[in-house]
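> sequence below, structure please.
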Amino acid sequence: MKILKHFLNVGLGTLINILLSFFTTPILTRIIDPASSGKLTIFNTRVGILTSLFYFGLNEALLRFFFSYEKEEEKRSLLKLCFLIPVISLLAVFCVALFLFANGILNIDYSLVLFVMLFLCIFFTIWERMSNEMLQNVLDSSIYSMASIIKKAVYCLGAIALISRFKNSQFFLLAFLTTLSVMISALIGTAATRKYWKFSDISYPKNRTEIFRYSLPMYIYFAIYSLFDSADKLFIEQYCTDAEIGIYGTAFSLVGVYSVFQMAFKAIWRPIQTKHYTENPDDMTFIQKGNRYITILMFFVGINTMMFKDVICLLLGPSYRSGAQLVPFLVFNPILNTMIWTVTSGIEISQKSYLNVLIIIVSLGVLSVGSLILIPMIGIKGSGIAVTAAMIVQYYLTLYFSNRNKYVDYSTPKMTFILLLMLIFAYMNTFYEFTILTVIFYCVLMAVFIAAYYADLKEMTIFMIDSLKNNENKNDDETDSDLRK
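Numbering: from 1, shown residues only. This next block holds a predicted model:
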């Protein structure tokens with residue numbers, strides 16, 4: 001029941017974020033021009049890449065070693081190490097970069113204010129990431145969800161209020177609101193876990209060597225992964241205009257609604273999976289069910305997003321609606337990204353984090369080659385196809401190496417068959433007009449999907465009904481007890 005409660009809390013937060021996007025996206029895409037949106041996409045890309053260089057894999061070490069300590073002082077010591085090293089390193093690099101920028105040695109197409117804001121955003125992103133890791137570790141899913149909602153609301157409502165008044169400074173305002181929203185999210189997470197953020201009376205952990213030995217491969221992995229996650233935008237920047245980047249970024253933000261769920265699921269799943277394996281190392285049923293349930297949910301969302309992409313894109317302003325043709329392949333990014341986290345158990349259990357590095361290097365190679373070939377040929381549609389190909393390679397490599405270390409039956413043939421049908425459906429929706437053939441293929445795909453996962457769908461439904469009934473009975477018992485008192 002505790003697990004269900006955490007997922008319901010995260011689910012509610014995700015739903016509210018989706019509703020915020022639903023109501024604000026039509027407004028934002030009508031007041032923000034595509035060129036400014038494209039510049040913000042590149043700003044966020046730079047923040048993402050640079051931030052990953054300062055984590056040193058310590059954000060992953062914070063999750064991995066938190067449960068190995070019993071005393072609160074030891075956990076505070078771990079957080080001190082994982083937070084201060086990235087921040088001190090960032091401060092040192094900022095001082096050098098500011099000197100080079102001020103003397104014209106470092107050339108970047110930003111003013112001094114935007115340059116400083118870039119580094120401020122990196123700092124607050126590091127802080128937010130560590131505070132979110134702490135919320136995950138203490139399983140405070142309600143605060144985690146609240147922080148994500150407030151972050152989204154500050155950005156969206158702030159943009160609506162300011163952009164219409166200051167139309168000539170759109171990019172600057174968007175970058176400022178991005179930085180502000182991240183800072184507020186970091187403050188909320190820190191306030192909720194404040195007892196762990198007292199560093200003055202403690203030293204660094206004694207097992208620092210072990211922590212760094214674990215974090216170094218993870219640092220390499222996430223640095224490369226950040227490049228992998230941003231490579232499509234970097235390639236588009238070379239071949240396309242700011243306006244096209246803006247359209248691509250907006251289409252990505254539409255499917256990014258599902259990325260909100262992906263991040264929320266990861267936030268809850270990883271610590272619960274780690275804790276479950278620590279306590280029950282021979283029980284793989286929990287991991288199997290988690291994988292099947294998430295596969296069903298993400299496939300259902302993906303199929304229907306492809307089918308109704310034109311309706312969804314009516315939310316966008318007229319300047320952005322050509323992004324509808326990008327959605328069918330881009331939606332595979334959050335789908336496979338979420339599913340990947342359910343098949344990593346063998347790698348995480350064996351602590352062979354270097355395998356993640358190998359997987360992401362191969363995936364980055366596929367994305368780079370695909371982008372170099374397809375973007376010049378068919379424009380930004382080619383980027384979506386390249387991203388999908390790279391995500392598929394990443395999923396199956398993760399599955400392969402995970403099962404080599406700890407075998408789990410993930411029903412791979414069934415999942416692969418549905419995935420192939422979805423790829424055909426995505427191709428139809430990208431390169432052909434909507435016809436009766438589209439409807440027929442959709443009906444066939446949904447029928448095959450339901451037939452393939454019928455037993456799991458039935459099990460999920462019974463589980464949810466029983467869980468809700470048990471929760472109601474528990475609440476009734478508590479009410480009766482209160483009345484008797």
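> quick one: low-confidence parts of the stretch 1-150 of the chain?
Residues of the stretch 1-150 of the chain that meet the criterion pLDDT under 70 lie in 1-15, 18.
> in it, which spans are helices?
Using DSSP state H, counting those that start in this stretch, the helices of the stretch 1-150 of the chain run over residues 2-31, 34-55, 58-66, 72-102, 112-137, 141-163.
> could those be laid out in a markdown table, adding mean neighbour count and distance to residue 287?
(Each C-beta comes from the backbone N, C-alpha and C, glycine too.) Below are those laid out as a markdown table (neighbours: other Cβ atoms under 10 Å; distance: least, Cβ to Cβ, whole Å):
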| stretch | mean neighbour count | distance to residue 287 |
| --- | --- | --- |
| helix 2-31 | 17 | 13 |
| helix 34-55 | 21 | 26 |
| helix 58-66 | 23 | 17 |
| helix 72-102 | 17 | 26 |
| helix 112-137 | 21 | 18 |
| helix 141-163 | 19 | 20 |
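> make TSV out of these and add distance to residue 391.
Listed next are the helices of the stretch 1-150 of the chain as TSV, based on distance: least, Cβ to Cβ, whole Å:
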stretch	distance to residue 391
helix 2-31	21
helix 34-55	17
helix 58-66	21
helix 72-102	28
helix 112-137	22
helix 141-163	23
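> now do the domain split for this protein, please.
23-206, 217-471 (automatic domain parsing).
> could you check how far the last one is from the centre of its chain?
Distance of domain 217-471 from the chain centroid (Cα atoms, centre = their mean, to the nearest Å) equals 11 Å.
> ok, stretch 163-173 next?
With Cα atoms, centre = their mean as the basis, stretch 163-173 stands 28 Å off its chain's centre.
> ok, and for it, which residues are buried?
163, 170, 171, 172, 173 (16 or more other Cβ atoms under 10 Å).
> what's the second one in contact with, if anything?
Under the criterion of Cβ atoms under 8 Å, 6 or more residues apart in numbering, the neighbours of residue 170 are 32, 33, 36, 163.
> so which of those would you say is closest to residue 328?
residue 32 (24.3 Å; Cβ to Cβ).
> surely the closest one touches residue 159?
Yes. Using Cβ atoms under 8 Å, residue 32 makes contact with residue 159 at a distance of 7.1 Å.
> which among the buried residues of stretch 163-173 gets closest to residue 354?
Each of the buried residues of stretch 163-173 was checked against residue 354 using Cβ to Cβ; the closest is residue 171, at 39.7 Å.
> go ahead and confirm that closest one touches residue 42.
No. Look at residue 171 against residue 42 with Cβ under 8 Å: they stay out of range, at 9.7 Å.
> with pLDDT and distance to residue 147 added, can I get the buried residues of stretch 163-173 in TSV?
Formatted as TSV, the buried residues of stretch 163-173 follow (pLDDT from 0 to 100; distance: Cβ to Cβ, whole Å):
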residue	pLDDT	distance to residue 147
163	84	24
170	88	26
171	89	26
172	91	25
173	92	22
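> now, among those residues, which is nearest to residue 449?
residue 163 (41.0 Å).
> what's the closest of the helices of the stretch 1-150 of the chain to residue 311?
It is, among the helices of the stretch 1-150 of the chain and with distance given as Cβ to Cβ, helix 2-31, at 12.2 Å.
> where does pLDDT dip in the stretch 251-400 of the chain?
For the stretch 251-400 of the chain (pLDDT under 70), the answer is 252-268, 270-271, 274-278, 281, 315-323, 349-351, 353.
> what about the helices in it?
285-307, 309-312, 327-330, 332-340, 345-350, 354-378, 380-405.
> so which of the contacts of residue 170 comes closest to residue 286?
Closest approach between those and residue 286, by Cβ to Cβ: residue 32, at 43.9 Å.
> phi first, then psi, for that closest one.
phi -100, psi 130 (degrees, to the nearest 10).
> can the contacts of residue 170 go into JSON lines with extra columns for distance to residue 188?
Converted to JSON lines, these look like this (distance: Cβ to Cβ, whole Å):
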{"residue": "32", "distance to residue 188": "26"}
{"residue": "33", "distance to residue 188": "32"}
{"residue": "36", "distance to residue 188": "28"}
{"residue": "163", "distance to residue 188": "25"}
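> would you check which pair of those residues lies furthest apart?
Applying Cβ to Cβ across the contacts of residue 170, the maximum distance is between 33 and 163, 9.7 Å.
> ok, residue 223 - contacts?
52, 53.
> relative to residue 119, how far out is it?
With distances taken as Cβ to Cβ, to the nearest Å, residue 223 is found 18 Å from residue 119.
> check which helix or strand covers the residue nearest to residue 39 when sequence neighbours are not counted.
Of all residues not flanking residue 39 in the chain, residue 171 sits nearest, at 4.5 Å (Cβ to Cβ, 6 or more residues apart in numbering). Assigned by DSSP states H and E, residue 171 belongs to helix 170-192.
> next, the buried residues of that helix.
In helix 170-192, counting by 16+ other Cβ under 10 Å, buried: 170-190, 192.
> cool, and stretch 101-112?
So for stretch 101-112, counting by 16+ other Cβ under 10 Å, buried means 101, 110.
> how close does the residue nearest to residue 39 get to residue 113?
Separation of residue 171 from residue 113 (Cβ to Cβ) stands at 12 Å.
> which among the helices of the stretch 251-400 of the chain is found nearest to residue 455?
That would be helix 285-307 among the helices of the stretch 251-400 of the chain, by Cβ to Cβ, at 9.5 Å.
> now residue 198, what's its secondary structure?
coil (DSSP: H, G, I helix; E, B strand; the rest coil).
> could you list every residue that touches the closest residue to it other than its chain neighbours?
Spatial nearest neighbour of residue 198, chain neighbours left out: residue 76 (6.2 Å); criterion: Cβ to Cβ, 6+ apart. By Cβ under 8 Å, 6+ apart, the residues touching residue 76 are 195, 196, 197, 198, 199, 202.
> what separation do you get for the closest residue to residue 229 other than its chain neighbours and residue 234?
Nearest residue to residue 229, sequence neighbours excluded (Cβ to Cβ, 6+ apart): residue 48, at 6.6 Å. Separation of residue 48 from residue 234 (Cβ to Cβ): 11 Å.
> list the contacts for residue 398?
340, 343, 344, 347, 359.
> for the residues you listed, which one is nearest residue 434?
Using Cβ to Cβ, these come closest to residue 434 at residue 340, 30.8 Å.
> the closest one contacts residue 394, doesn't it?
Yes. Residue 340 lies in contact with residue 394 (Cβ under 8 Å); the separation is 6.5 Å.
> so between those two, which is more surrounded?
A count of neighbours by other Cβ atoms under 10 Å puts residue 394 above the other of residue 340 and residue 394, at 23 against 20.
> tell me the contacts of the more buried one?
Here residue 394 is in contact with 336, 340, 359, 360, 362, 363 (criterion: Cβ under 8 Å, 6+ apart).
> give me that answer again for 6 Å
359, 363 (Cβ atoms under 6 Å, 6 or more residues apart in numbering).
> distance of it from residue 376?
In terms of Cβ to Cβ, residue 394 sits 24 Å off from residue 376.
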